[in-house]
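1. Just need the structure, nothing else, for what follows:
(chains A and B)
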Number of protein chains: 2
Amino acid sequence: MKHNFGAGPGILPHEVLKQAAAGVIDFNGTGLSILEISHRAPEFEAVLNEAVKLVKELFEVPEGYSVLFLQGGASMQFAMAPYNLLPEGGKAAYVESGVWANKALKEAKNFGEVQVVATSKESNFTYIPKDFTIPADAAYFHITSNNTIYGTQMHAFPKSPVPLVCDMSSDIFSRKVNVADFGLIYAGAQKNMGPAGVTLVIVKDDILGKTGRKIPAMLNYQTQIEGGSMYNTPPVFAIYVSMLTLNWLKSKGGVEAIEKENKAKSAVLYEEIERNPLFKPVCATEDRSDMNVTFVVNNPEHEKPFLKLCDEKGIVGIKGHRSVGGFRASIYNALPITSVYVLIDTMREFAEKNK
Amino acid sequence: MKHNFGAGPGILPHEVLKQAAAGVIDFNGTGLSILEISHRAPEFEAVLNEAVKLVKELFEVPEGYSVLFLQGGASMQFAMAPYNLLPEGGKAAYVESGVWANKALKEAKNFGEVQVVATSKESNFTYIPKDFTIPADAAYFHITSNNTIYGTQMHAFPKSPVPLVCDMSSDIFSRKVNVADFGLIYAGAQKNMGPAGVTLVIVKDDILGKTGRKIPAMLNYQTQIEGGSMYNTPPVFAIYVSMLTLNWLKSKGGVEAIEKENKAKSAVLYEEIERNPLFKPVCATEDRSDMNVTFVVNNPEHEKPFLKLCDEKGIVGIKGHRSVGGFRASIYNALPITSVYVLIDTMREFAEKNK
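-> Below is the predicted model:
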């Protein structure tokens, strides 16, 4: 039994994996694998429709928004957002809360002026910048809701006078969000929603079509909306597994229920990090992420032996990102609280051994 | 038992499906699913390296070429090719041999001048245009090796004075190709190489970096080469299944062996279409595809009952594309010749019943 604390591609529910494996052999009694079925087959169209419906239901997506399943990950959205929203000679505003936010704003620079309204770079992104003004003349305002590498999370979203664009890759569906506050939400699936290879996009229809740019069809949200995410062959299996995962989330009581569980998981883990004399947290208390819990050892010599003990306990994916060091426990939706307790017990056992 | 003649996503080898399903539960004894493992895990890096190695080996890719696994399908390549190869104010030359070729050249028009050197549009693309001159001042020359919808295939490739760019989505790995003749080859995996959600790109390194364009990182072949197809999270599972499929191809004797099988399959099927008084072929004899065999009934009233009989025999995916009508038997690498014989027997039984 492994306890998968990996940062992404991350843990998926056991039931989902079983269903997905069965579908690889025989998809819904068709006698064909989900891997070799036409994307135009009614059985797959039903999967895609169900996935869209589940997103709308679980995330309470209001009228006037389109839900898309695209390819290329958040990194492709870093370019698609300005391609679709930033007119020639226009300006976009960004908060730089980590390396991914930085990559997003760099891509926007290919398309126009970028104003970085706030950054926490000087502290290696250990907090969420909060003191900023959103320029009213920006085409849009871009934020990152959760910073996977550092373990920070935006617990309140700014009210924006211009369309709010948000990369939610690492905390989508982990907590309630008021979609109506956003112009564009995007998320690579591989943390809280499914396997790598599909990207969720939720876009407010009326912010599109205003730049006058020639946009390649695949990168044009309007083309993708018109094609119902099937302008070309979609990533069939990744959408299927996302649908299964969303369905699992619904069966667990939806976003509100999982948010409570996620809060419980992060609370006990941060408590142990605070309490245990061998460890300490990395980030500003008020900005700590409920998805990626980062911590370090007080004595650098404890790092390797602790990793070794984790390995013995079946704990995987706990090593921190190289730019932060230490440890990172990613506790996504599918990670059971029992795995968090195994990690806590391991931390205690380690402290006991190293008194 | 189904006989999957679908045009794509198409049939995959049974052994591959079994291995893929096993990997969804436990990937190579890691105790984790291939769907929830980090793309930076050594176990997955080994998969990606093996996939690249198999492409190079099976397709005899010479030095100076890079092999990439990207997202977005051939449709994304329709835009990536001109983005990377067509300078501002430059010109690209295209052969219009079908709807997909037409989509490719339309995308190029977003980036510069497009010269269509030949088209078979006037005959609904029932043949491959052959009488053309490739302009020496073009940045590149674009062709489509196999036209899935119509069932035509370029059996000989033109010698080009400028980089030859080829969409091989529907016949990649079905026959020997001299890669050195090409500047850029691309193919959506979902016909002959794997599941939907990954795109193979083989690009000659020295044709890149010459346009001076600002290219979004994800769309820049050089960024993807530098990142080893891992500039961002790749479509892990689709790459895994592609690797398994390429490995299966190797175990079958490689491209040369499968080419013989493919020729044998298409030969017996075209023979039956010619022989059977109820059916007739669609395309010019010399341009008939060994991958997608199109045919129609002489009496339109026979169409529905023949489809019904096919359905009874477990034959799926045989209905022709709406723009051609009739039938299309896609006989990709993984389709066994026994399935072709089942189709032939069904055609004979149908002719017997309708004498």
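
2. burial count for A:Ala79?
-> A:Ala79 has 22 neighbours, counted by other Cβ atoms under 10 Å in any protein chain shown. From N, CA and C alone the C-beta is placed, and that goes for glycine too.

3. ranges for the helices of chain A?
-> Along chain A, counting by DSSP state H, helices occupy A:14-25, A:42-58, A:73-85, A:99-108, A:221-226, A:236-251, A:254-275, A:303-312, A:337-353.

4. Would you format those helices as TSV with distance to chain B and mean pLDDT included?
-> Putting these into TSV (distance: least, Cβ to the nearest Cβ, whole Å; pLDDT from 0 to 100) gives the following:
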stretch	distance to chain B	mean pLDDT
helix A:14-25	4	98
helix A:42-58	9	98
helix A:73-85	4	98
helix A:99-108	6	98
helix A:221-226	10	98
helix A:236-251	5	98
helix A:254-275	17	98
helix A:303-312	12	98
helix A:337-353	13	98
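
5. Return the set of buried residues in stretch A:120-127.
-> By neighbour count on 16 or more other Cβ atoms under 10 Å in any protein chain shown, the buried set for stretch A:120-127 is A:Ser120, A:Phe125, A:Thr126, A:Tyr127.

6. List the contacts of it.
-> Where contact means Cβ atoms under 8 Å, 6 or more residues apart in numbering or on different chains, the residues beyond stretch A:120-127 that reach it are A:96-99, A:102, A:128-129, A:147, A:149-150, A:152, A:282-284, A:287, A:323-324.

7. With just CA atoms, put that stretch into CSV.
-> Coordinates of each C-alpha in stretch A:120-127 appear next as CSV, following Å, rounded to 0.1, in the frame of the first residue of the first chain:
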residue,chain,number,x,y,z
SER,A,120,6.7,37.8,-3.7
LYS,A,121,9.8,36.8,-5.6
GLU,A,122,12.1,38.5,-3.1
SER,A,123,11.1,36.0,-0.4
ASN,A,124,11.2,33.0,-2.8
PHE,A,125,7.4,33.1,-3.0
THR,A,126,6.6,32.1,0.6
TYR,A,127,3.6,34.3,0.7
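
8. so how far is it off the chain centroid?
-> 20 Å (Cα atoms, centre = their mean, to the nearest Å).

9. now do stretch A:48-58
-> Centre-to-centre, stretch A:48-58 and its host chain are 17 Å apart (Cα atoms, centre = their mean).

10. Please work out which residues outside stretch A:217-228 touch it.
-> With Cβ under 8 Å, 6+ apart as the test, stretch A:217-228 has contacts from A:48, A:66, A:68, A:70, A:76, A:79-80, A:83-84, A:201, A:203, A:205, A:208-209, A:215, A:231-232, B:72-73, B:75-76, B:78-79, B:103, B:106-107.

11. Please list only the buried members of those.
-> With neighbours counted by 16+ other Cβ under 10 Å, the contacts of stretch A:217-228 contain buried members at A:48, A:66, A:68, A:70, A:76, A:79-80, A:83-84, A:201, A:203, A:208, A:215, A:231-232, B:72-73, B:75-76, B:78-79, B:103, B:107.

12. show me the contacts for the nearest residue to A:Lys159 once chain neighbours are set aside.
-> Sequence neighbours aside, A:Asp181 is the residue nearest to A:Lys159 in space, at 7.3 Å (criterion: Cβ to Cβ, 6 or more residues apart in numbering or on different chains). A:Asp181 sits next to A:Phe157, A:Lys159, A:Ser160, A:Leu164 when contact means Cβ under 8 Å, 6+ apart.

13. now the third one, nearest residue through space, not along the chain?
-> Residue nearest to A:Ser160 in three dimensions, not counting chain neighbours: A:Phe141, with 4.7 Å by Cβ to Cβ, 6+ apart.

14. does that neighbour have beta-bridge partners, and which?
-> A:Ala93, A:Leu164 (DSSP bridges).

15. Compute the distance between it and chain B, please.
-> Between A:Phe141 and chain B the distance, using Cβ to the nearest Cβ, to the nearest Å, works out to 20 Å.

16. tell me the contacts of that residue?
-> By Cβ under 8 Å, 6+ apart, A:Phe141 lies in contact with A:Ala92, A:Ala93, A:Tyr94, A:Val95, A:Val117, A:Ile134, A:Pro158, A:Ser160, A:Val162, A:Pro163, A:Leu164, A:Val165.

17. Need phi/psi at A:Ser323.
-> With angles defined as degrees, to the nearest 10, A:Ser323 sits at phi -80, psi -10.

18. The nearest residue to it once chain neighbours are set aside: neighbouring residues, count only.
-> Nearest residue to A:Ser323, sequence neighbours excluded (Cβ to Cβ, 6+ apart): A:Ile149, at 6.2 Å. Neighbourhood size, A:Ile149 [other Cβ under 10 Å]: 20.

19. now do A:Ala41
-> Look at A:Ala41: counted by other Cβ under 10 Å, it has 18 neighbours.

20. Run through the residues that contact the residue nearest to A:Val236 when sequence neighbours are not counted.
-> Ranked by Cβ to Cβ, 6+ apart and with sequence neighbours excluded, the top spatial neighbour of A:Val236 is B:Ala196, at 4.6 Å. The contact partners of B:Ala196, taken as Cβ under 8 Å, 6+ apart, are A:39, A:233-237, B:8-9, B:73, B:188-190, B:238.

21. With A:Val255 instead?
-> Per Cβ under 8 Å, 6+ apart, neighbours of A:Val255: A:Leu58, A:Phe59, A:Phe173, A:Ser174, A:Arg175, A:Lys176, A:Leu249.

22. same question, A:Gly98
-> A:Phe125, A:Thr144, A:Asn147, A:Thr148, A:Ile149, A:Tyr150, A:Thr152 are the contacts of A:Gly98 under Cβ under 8 Å, 6+ apart.

23. a markdown table please, covering those and showing distance to A:Leu309.
-> Supplementary listing: the contacts of A:Gly98 in a markdown table, determined by distance: Cβ to Cβ, whole Å:
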| residue | distance to A:Leu309 |
| --- | --- |
| A:Phe125 | 28 |
| A:Thr144 | 33 |
| A:Asn147 | 27 |
| A:Thr148 | 24 |
| A:Ile149 | 24 |
| A:Tyr150 | 24 |
| A:Thr152 | 27 |
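
24. Got phi/psi on the residue of the stretch 251-355 of chain A found nearest chain B?
-> Closest contact between the stretch 251-355 of chain A and chain B, by Cβ to the nearest Cβ, is at A:Gly317 (6.4 Å). Main-chain dihedrals, A:Gly317, degrees, to the nearest 10: phi 80, psi 20.

25. quick one: which of the contacts of B:Ala196 is nearest to A:Ser169?
-> Of all the contacts of B:Ala196, A:Ser169 sits closest to A:Pro235, with 16.1 Å by Cβ to Cβ.

26. before we move on, the earlier item: including distance to A:Met1, could the contacts of B:Ala196 go into a markdown table?
-> Below are the contacts of B:Ala196 laid out as a markdown table (distance: Cβ to Cβ, whole Å):
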| residue | distance to A:Met1 |
| --- | --- |
| A:His39 | 36 |
| A:Thr233 | 37 |
| A:Pro234 | 34 |
| A:Pro235 | 30 |
| A:Val236 | 31 |
| A:Phe237 | 26 |
| B:Gly8 | 39 |
| B:Pro9 | 34 |
| B:Gly73 | 38 |
| B:Gly188 | 38 |
| B:Ala189 | 34 |
| B:Gln190 | 35 |
| B:Ala238 | 28 |
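
27. What is the nearest of these to A:His302?
-> Nearest to A:His302, judged by Cβ to Cβ, of the contacts of B:Ala196 is B:Ala238 at 39.9 Å.

28. List the contacts of the closest one.
-> Contacts of B:Ala238 (Cβ under 8 Å, 6+ apart): A:Gly197, A:Pro235, A:Phe237, A:Ala238, B:Ala189, B:Gly194, B:Pro195, B:Ala196, B:Gly197, B:Val198.

29. Need those in JSON lines (columns: distance to A:Asp345).
-> JSON lines is the format used below for these (distance: Cβ to Cβ, whole Å):
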{"residue": "A:Gly197", "distance to A:Asp345": "35"}
{"residue": "A:Pro235", "distance to A:Asp345": "39"}
{"residue": "A:Phe237", "distance to A:Asp345": "36"}
{"residue": "A:Ala238", "distance to A:Asp345": "35"}
{"residue": "B:Ala189", "distance to A:Asp345": "44"}
{"residue": "B:Gly194", "distance to A:Asp345": "42"}
{"residue": "B:Pro195", "distance to A:Asp345": "40"}
{"residue": "B:Ala196", "distance to A:Asp345": "43"}
{"residue": "B:Gly197", "distance to A:Asp345": "39"}
{"residue": "B:Val198", "distance to A:Asp345": "40"}
